[in-house]
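> model this:
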Amino acid sequence: MSVSNSSSTLSSTFYLTGIPGYEKYHHWISIPFCLLYLVGITGNCTILHIVRTDRRLHEPMYYFLAMLSLTDMGMSLPTIITLFRVLWSISREIQFNVCVIQMFFIHTFSFTESSVLLAMALDRYVAICHPLRYATILTPRLISKIGIASLLRSAFAMIPLLARLAFFSFCHSHVLSHSYCLHQDMIRLACADIKFNVIYGLVLITVLWGMDSLGIFVSYVFILHSVLKISSREGRLKALNTCASHICAVLILYVPMIGLSIVHRFAKHSSPLIHIFMAHIYLLVPPVLNPIIYSVKTKQIRQGMLHLFLPKNTGSTVE
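The predicted structure is shown next:
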């Protein structure tokens, strides 16, 4: 089907494939996906509730953790309806404008999460290197500005990339190779000059992720320099332990992100299952694992969960 102008493109219908070759197992495959979504949503909502209701957690570290939970849900929730519509054989159709909105939320919140992880690294830097000035530097006002700036930076960066899709013609195929919409997947179908999208997308990833990852790396260089000055071994381990959860969160986001980008750009002829597998890891692993890691590694969050889900007399005795 050929689409010759932007108005017809906006009204186009695309088709999601789910997991090709395994259509008869889609209902069974939906079970682990359903469990992953439930774990991710429950875990992140629990952290948000604990941070909001426990006044002892009204500190910069936990405000940033709440931002991380919000971005995790912002990445995964936009896909939940389309994914289960495909896996439950309700419908594989998705309108172009809905697809673009879904892409906007997925990519915007993934870039925002990278910025939040940078902010959390700076939080650990201030806490360890300038502990006496921690509360005066990271004020609630500054934290709010960081959160808003992170979201706006990511959203405005995505607008040129996605707006250009409205002017593309999709004459080869309207079949997308996933259960939800990704920019890399859609531009493969265009029969127009996609050079701008390819180059801009690569620059966007390099600049935004590059700046954030460089900032995180530099923060930890200063953190390690300060930690090595601590005389006692116990003090050094205690300081490093406050960073363990954050380091895990960084790896959980960046490894799937980089893996998905490499697969789409340099492994185009590999098995479709590899593309689908990487896309779902990128989408679901951070929202599922981040709450688990922070509940295990952070005493205050762990105690908050125990008080929430266990009787008070039991929760107060469990460390």
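> And Leu240, how close does it get to Ser226?
11 Å (CB to CB, to the nearest Å). C-betas here are computed from N, CA, C, even on glycine.
> With Ile205 instead?
As defined by CB to CB, Ile205 lies at a distance of 31 Å from Ser226.
> now swap in Val250 and tell me
For Val250, the distance to Ser226 - CB to CB - is 19 Å.
> Show me where the stretch 101-250 of the chain has its helices.
Ranges of helices within the stretch 101-250 of the chain are 134-137, 140-163, 183-187, 195-204, 210-227, 233-266, based on DSSP state H, counting those that start in this stretch.
> which residues are in contact with the second one?
Residues outside helix 140-163 that contact it (CB atoms under 8 Å, 6 or more residues apart in numbering) are 60, 63-64, 67, 100, 103-104, 107-109, 111-112, 115-116, 119, 183, 197, 200-201, 204, 208.
> Could you write me a ChimeraX select line covering just the buried ones among those?
Selecting only the buried entries of those in ChimeraX, with 16 or more other CB atoms under 10 Å as the criterion:
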select :60,63,64,67,100,103,104,107,108,109,111,112,115,116,119,183,197,201,204,208
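> Tell me how many other residues crowd Glu59.
Per other CB atoms under 10 Å, the neighbour tally for Glu59 reads 19.
> State the number of residues packed around Leu290.
Careful, residue 290 is Asn; it's not Leu. 25.
> before we move on, the earlier item: to Ile50, which of the helices of the stretch 101-250 of the chain lies closest?
Proximity to Ile50 (CB to CB) singles out helix 233-266 among these, at 14.7 Å.
> buried residues in the closest one?
Neighbour counts over helix 233-266 (16+ other CB under 10 Å) mark 236, 239-240, 242-243, 245-250, 252-254, 256-257, 259-261, 263-264 as buried.
> where does the stretch 101-250 of the chain have low pLDDT?
172 (pLDDT under 70).
> mind redoing it with 50?
Nowhere does the stretch 101-250 of the chain drop to pLDDT under 50.
> ranges for the strands of the stretch 51-200 of the chain?
93-95, 175-176 (DSSP state E, counting those that start in this stretch).
> So which of the helices of the stretch 101-250 of the chain is nearest Ile94?
From the helices of the stretch 101-250 of the chain, taking CB to CB, the stretch that ends up closest is helix 183-187, at 10.7 Å.
> Distance from the chain centre to that closest one, please.
18 Å (CA atoms, centre = their mean, to the nearest Å).
> Which of the residues in that helix are classified as buried?
Across helix 183-187, burial judged by 16+ other CB under 10 Å covers 183-187.
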